[in-house]
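Q: the following comprises the amino acid sequence and a computationally predicted model.
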Amino acid sequence: MEKIALHIDGKLIQVVKGNSILNAARQSGIYIPTLCYHPKTGQAGKCRICVVEVERMPGLQVSCSLEAKNGMVIHTNTERITETRKMIVELYLSNGKHHCISCEANGVCELQEVAYYLGIEKSDFPVVEKDLPVDTSSPMIIRDMNKCIQCYRCIAGCNDITVNEVLDMGFRGNKMAVICDTNKPMGKSSCAVCGECVQLCPTGALTEKKAVGKGRAWETEKTETTCPYCGVGCRINLHVKDNEIIKVTGVEDVEPNYGALCIKGRFGYDFVHSPDRLKSPLLRKDGKLKEVSWEEALDFTAGRLSEIKKAHGPDAIVGIGCARSVNESNYVMMKFMRAVIGTNNVDHCART
Amino acid sequence: MTNSIREIEYAPVIVVIGSNTSESHPVISYFMKRAVKKGSRLIVIDPRKIGLTRWAARHFQHRVGSDIALLNAVMHEIIKNEWYDREFIDKHTDGFDQLKEIVNRYSPEYASGICGLTTDEIRELAAILGKAEKVALFYTLGITEHITGTDNVRACANLQMLLGNVGIESGGVNPLRGQNNVQGACDVGVLPDVYTGYQKAADPEIRKKFEEAWGVKSLPDSEGTKIPAMFDGIRSGDVKALYLSGENVVMSEPNQAHTISALENIELLIVQDIFMNETTEYADIVLPAACFAETEGTFTNTERRIQRVRKAVEPPDSAKDDWWITSEIARRMGYDMGYMSAEQIWEEIRRLTPSVFGITYERVEHEGIQWPCPDIEHPGTKYLYKNGVFPKGRARFYPAEWKPAAECPDEEYPFVLTTGRRLWQYHTGTQTRRCAGFDEIHPEELIEINPEDAAKLDVKDRDYVMAVSRRGRVKTRAWVTGRVPPGVCFMTFHFHEACANVITNNAFDPVAGTAEYKACAVRIEKA
């Protein structure tokens, strides 16, 4: 692949031809703030936070949308750039309802992060606080358009990543807003509840309903694992606080799903903490299942299997493994039936 | 899958047959829809107007259970027009003449009478596939859950081999596995005829290898039984004990009364699960298991990718890892497996299994690896049979003959019932129905009935109806919809209140042992 060389903030950088200035900077560890850009949805050219100066080019240039060229000399951190970025963020903050205190996105909000980076406490512009009704009609997703910065990421996710084609921008001027179908409440729309929009949202405009009040980013631990539903095997992060899964997100940078999930993978986790979970072995006594200790349960099971094997031979015993459980447990089941019981009567629900 | 999920986006023609992908494998459907946006042609072959048809260039709505007739006729036309890949066939396959002989009988005119498509439609489908640069074919249980399931799969494979679409990127024969670890459970040998990595149980050399590794004198050489035969064995009294791990068979097996009568007859039923369910009702002992978020291990996805599963939370009270429970029973029967961790078990698996020998926990820390992966440096295998190299040297065409479903509609039971899943619930509902929000979106079973049929039956949308087969009756609300053609109804097995498997047929494919969930005869009564 052809490489090009350019200077960013006095540093000589080599990148593969075809990269944007933003990518070139990120690859060499130079921070340029962004709001609308996301590696998965690509350049959007909406927020203009990522502006840089390119020598011998007039004005400021949008780094996510301009291709890095051989010999370019770029500055990412001049006073003019900082002033421009500040103005953009202050304009965002002056329009909407960007209160962080109880916001679910607190700590992961990209608008908050950029404001922090630029040292903005409050907007210098007169604040026109929006008071749009919050859409809680979806059982899984809360849409608070007061916090939307119109970055178009959710629209790109819905139309170009999961291709459910529900979200789009509606209306004009200062009434412009992200809408579902023909401006239906999300819960009444054709939304497939995949939650890609939530995962891509840089602010608290789109959040997981079931996670509200359950814990903030810095209080949770993330465990990377694999989805337990269908055979796609999506990679997921379980966000855990106090031994409870409070939400699930897709792992962005790996196969097979590159962060995308479906309703079950993203929102079907709370069965884990259901009060109905089996907590103790149960043994049938006088026709009823009664709680017993593991010792008693295992002794009973092993004893009865041994008796039946002795009386009727190993082939009188059959075992069905579990296509939902891990390879390791399935292997042990298979080994148990063959090596301990002594039968090939072992199968699992592959055929159901 | 012979190929990988990410290759879908680059397939010029995608055929989806017997897979409701956008509901059963939503994330794979994203790849298909993105491919369409980039210019791929998506061809859906399905008796129902499934969600994916919205993005399809063509939807061929054939009759339930007519797959072989249709695919044979398509191959008939491809051969007649010489659209097939002669070089691939000559170099890499055997049995082409036998295939030719069989499909020769399946003219579009003959097949049309069986599959319900016009001869023009069949010729159009043949031309699309025959003239394509390459085709990626996807199927799910719509192909396998028939008494001819094995032959249905063979017909799909024959088509792809005929067109030289095997052993290439963005092509292949791609079954989408319905559960997270069906692939893995098969791969580690939870099947009556094979050990790990499909090493034959009938082969004395293989048995010897496992006897030595496991330290046992002799491993069984008798032929094992598959699930349908297990239940028959229980009913006949030959089978006395069933050790059942994580399957709610009362809901998931066809012909519920048949399943229940077996469970009532059994001497010892051991159920290992995470919830009480319809099956634990019949258990003598219930062993509480840890679920996916409480355990360490690996799952293998539909594209053969071995991926890590990690413990994120503690299991409730005394629930235990599945492998711990089984090995504790083993220890009490005099065989100490001595396992301390899942990783130790995986190490044993990989040392006994050439196809995954190169995969360690360390290597799949973040991103999984696709088998075959024979050594520790091997990057894994994105797609199988590259350059036409097959495990047995050459691939073989196994021509398939069409056969009707075990139970066809008649005067008394005039509808075909076909079954499947919905996006909003999963399987027997034990998990999704315990998650907030799911029952809000889709709270109850709905039987899909075509508006023409509904009008004749005087049934309106959301009216209660009784679906009756020779095996039972289920009361459910009707969804009057054009998703199903006239004469066809559709149900799921998500709701214990109205489970399709009360009425489905337990006739099964003689080779695979898979039941015919996709076709039985029912009548609809007003309720």
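A: Alright, I've got the coordinates. Numbers count the residues shown, from 1 in each chain, chains lettered A, B, ... in the order given.

Q: flag the shaky bits of the stretch 251-352 of chain A, pLDDT-wise.
A: A:351-352 (pLDDT under 70).

Q: can you list the residue ranges for strands in it?
A: Secondary structure of the stretch 251-352 of chain A, counting by DSSP state E, counting those that start in this stretch: strands at A:282-285, A:288-291, A:317-321, A:346-348.

Q: ditto for the stretch 101-250 of chain A
A: Going by DSSP E, counting those that start in this stretch, the stretch 101-250 of chain A shows strands at A:128-129, A:141-143, A:167-170, A:177-180, A:206-208, A:221-226, A:235-241, A:244-250.

Q: okay, these in CSV with distance to chain B, mean pLDDT and mean neighbour count next?
A: Backbone N, C-alpha and C define where each C-beta goes, glycine included. Formatted as CSV, these follow (distance: least, CB to the nearest CB, whole Å; pLDDT from 0 to 100; neighbours: other CB atoms under 10 Å in any protein chain shown):
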stretch, distance to chain B, mean pLDDT, mean neighbour count
strand A:128-129, 31, 84, 10
strand A:141-143, 10, 98, 25
strand A:167-170, 15, 97, 16
strand A:177-180, 15, 96, 20
strand A:206-208, 10, 98, 24
strand A:221-226, 4, 98, 18
strand A:235-241, 4, 98, 22
strand A:244-250, 6, 98, 21
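
Q: possible to save these as JSON lines with distance to B:Glu278?
A: Putting these into JSON lines (distance: least, CB to CB, whole Å) gives the following:
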{"stretch": "strand A:128-129", "distance to B:Glu278": "54"}
{"stretch": "strand A:141-143", "distance to B:Glu278": "32"}
{"stretch": "strand A:167-170", "distance to B:Glu278": "39"}
{"stretch": "strand A:177-180", "distance to B:Glu278": "37"}
{"stretch": "strand A:206-208", "distance to B:Glu278": "31"}
{"stretch": "strand A:221-226", "distance to B:Glu278": "27"}
{"stretch": "strand A:235-241", "distance to B:Glu278": "28"}
{"stretch": "strand A:244-250", "distance to B:Glu278": "26"}
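
Q: pipe the strands of the stretch 251-352 of chain A into a markdown table and attach mean neighbour count and distance to B:Pro47 per row.
A: Shown next, in a markdown table, are these (neighbours: other CB atoms under 10 Å in any protein chain shown; distance: least, CB to CB, whole Å):
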| stretch | mean neighbour count | distance to B:Pro47 |
| --- | --- | --- |
| strand A:282-285 | 17 | 43 |
| strand A:288-291 | 12 | 42 |
| strand A:317-321 | 28 | 31 |
| strand A:346-348 | 29 | 28 |
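
Q: now those as TSV including distance to B:His92?
A: Formatted as TSV, the strands of the stretch 251-352 of chain A follow (distance: least, CB to CB, whole Å):
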stretch	distance to B:His92
strand A:282-285	55
strand A:288-291	57
strand A:317-321	35
strand A:346-348	33
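
Q: between the ones you listed, which gets nearest to A:Asn257?
A: Closest to A:Asn257 of the strands of the stretch 251-352 of chain A, according to CB to CB: strand A:346-348, at 24.6 Å.

Q: against which helices or strands is the closest one packed?
A: strand A:317-321, helix A:327-335, helix B:182-187 (3 or more CB pairs under 8 Å, 6 or more residues apart in numbering or on different chains; DSSP states H and E).
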